[in-house]
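Chemist: Below: sequence and its predicted model.
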Amino acid sequence: MLIVNFLLTWLVGALSLLLTAYFVPGFEFNAFSTAAVAALILGLVNAIVRPFLVILTFPLTIITLGLFLFVVNALMLLLVGFLVPGFIVAGFLPALLGSVVLTIVSTVLGLLVRNVT
């Protein structure tokens, strides 16, 4: 059951990234396999690097009522774009818009998958 949940989460992440690339100019993949690798790397980056950035930027997050977390998410997307060949994030603005769209898309897809299973 744990492996099935992991695989579903990974698939939702990859599909969310692909849908985000469809809606956000400057956010591109060359293949579905690249999106699958990027979803895996994004999960690792969010588990390892993001908590440190969230702690370091906590005062800004409080002042902006949480909106600065979109900037942190954009930085994570830029890092993954740098690490994964074939995943192109054309700059900070596409990464910022991508972080907003990715949050919405992954939330909707995640809810749909949870309702199906």
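Modeler: Received it, and whenever you're ready, just let me know what you need.
Chemist: so where is the chain shaky, pLDDT-wise?
Modeler: 117 (pLDDT under 70).
Chemist: In which helix or strand does residue 34 reside?
Modeler: Assessed by DSSP states H and E, residue 34 sits inside helix 32-48.
Chemist: what's in contact with that helix?
Modeler: With CB atoms under 8 Å, 6 or more residues apart in numbering as the test, helix 32-48 has contacts from 9-10, 13-18, 21, 29, 76-77, 79-81, 83-87. Glycine gets a C-beta too; all of them are placed from N, C-alpha and C.
Chemist: Which of the residues you listed are buried? Put it as a PyMOL command.
Modeler: A single PyMOL command selects the buried members of the contacts of helix 32-48 (16 or more other CB atoms under 10 Å):
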select buried, resi 13+14+15+16+17+18+21+29+76+77+79+80+81+84+87
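Chemist: quick one: which of the contacts of helix 32-48 sit in helices?
Modeler: Among those, the residues falling in helices (DSSP state H) are 9-10, 13-18, 21, 76-77, 79-81, 83.
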